[in-house]
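Trainee: Sequence plus predicted model, see below.
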Amino acid sequence: MEIVVGLTAVAVGLLIGFGALGTAIGFGLLGGKFLEGIARQPEMAPMLTGRMFLIAGLLDAVAMIGVGIALFFTFANPFIAAAQSAAGG
């Protein structure tokens, strides 16, 4: 039983960590391309700004979904019930 809880804690850490890492890389690429686009065509700044914030919101939603799944595994772990039934308890 302790192995299931321990491995779940590791999985939760990996979910949150990789979600944060992916979001950070995505925001870095997004910001760089945004500044590059504004440097090339300054008159497109208002349109690019709106699109950048839209993509930033979608990019942040990916990390929030990962945090939601991690919280589900933390507080309503479906693997604990399966491990208890397999152990006969």
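Mentor: All right, it came through fine.
Trainee: where do the helices sit along this protein?
Mentor: 2-40, 45-75, 78-87 (DSSP state H).
Trainee: Turn those helices into a markdown table, columns for mean pLDDT and mean neighbour count.
Mentor: C-betas here are computed from N, CA, C, even on glycine. Shown next, in a markdown table, are the helices of the chain (pLDDT from 0 to 100; neighbours: other C-beta atoms under 10 Å):
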| stretch | mean pLDDT | mean neighbour count |
| --- | --- | --- |
| helix 2-40 | 92 | 13 |
| helix 45-75 | 92 | 13 |
| helix 78-87 | 80 | 11 |
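Trainee: Contact partners for the residue sitting nearest the centre point of the chain?
Mentor: Centroid-nearest residue in the chain: Ala63, 2.0 Å away (criterion: C-alpha atoms, centre = their mean). Residues in contact with Ala63 (C-beta atoms under 8 Å, 6 or more residues apart in numbering) are Gly19, Ala20, Gly22, Thr23.
Trainee: What distance do you get for it to Ala56?
Mentor: 11 Å (C-beta to C-beta, to the nearest Å).
Trainee: so Ile16 sits right up against Gly66, yeah?
Mentor: Yes: using C-beta atoms under 8 Å, Ile16 is in contact with Gly66, at 6.6 Å.
Trainee: Find the residues that touch each one of these two.
Mentor: With C-beta under 8 Å, 6+ apart, Ile16 and Gly66 have no common neighbours.
Trainee: Send over stretch 3-17 as PDB, restricted to the C-alpha atoms.
Mentor: Extracted C-alpha coordinates of stretch 3-17, given in PDB (Å, rounded to 0.1, in the frame of the first residue of the first chain):
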ATOM      1  CA  ILE A   3       4.400   1.700  -2.600                       C
ATOM      2  CA  VAL A   4       1.200   2.800  -4.300                       C
ATOM      3  CA  VAL A   5       1.000   6.000  -2.300                       C
ATOM      4  CA  GLY A   6       4.700   6.700  -2.800                       C
ATOM      5  CA  LEU A   7       4.600   6.200  -6.500                       C
ATOM      6  CA  THR A   8       1.500   8.300  -6.700                       C
ATOM      7  CA  ALA A   9       3.400  11.100  -5.000                       C
ATOM      8  CA  VAL A  10       6.200  10.800  -7.500                       C
ATOM      9  CA  ALA A  11       3.700  10.800 -10.400                       C
ATOM     10  CA  VAL A  12       2.100  14.000  -9.000                       C
ATOM     11  CA  GLY A  13       5.500  15.700  -8.700                       C
ATOM     12  CA  LEU A  14       6.300  14.700 -12.300                       C
ATOM     13  CA  LEU A  15       2.900  15.900 -13.600                       C
ATOM     14  CA  ILE A  16       3.300  19.300 -12.000                       C
ATOM     15  CA  GLY A  17       7.000  19.600 -12.800                       C
END
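Trainee: Right, I'll leave it there.
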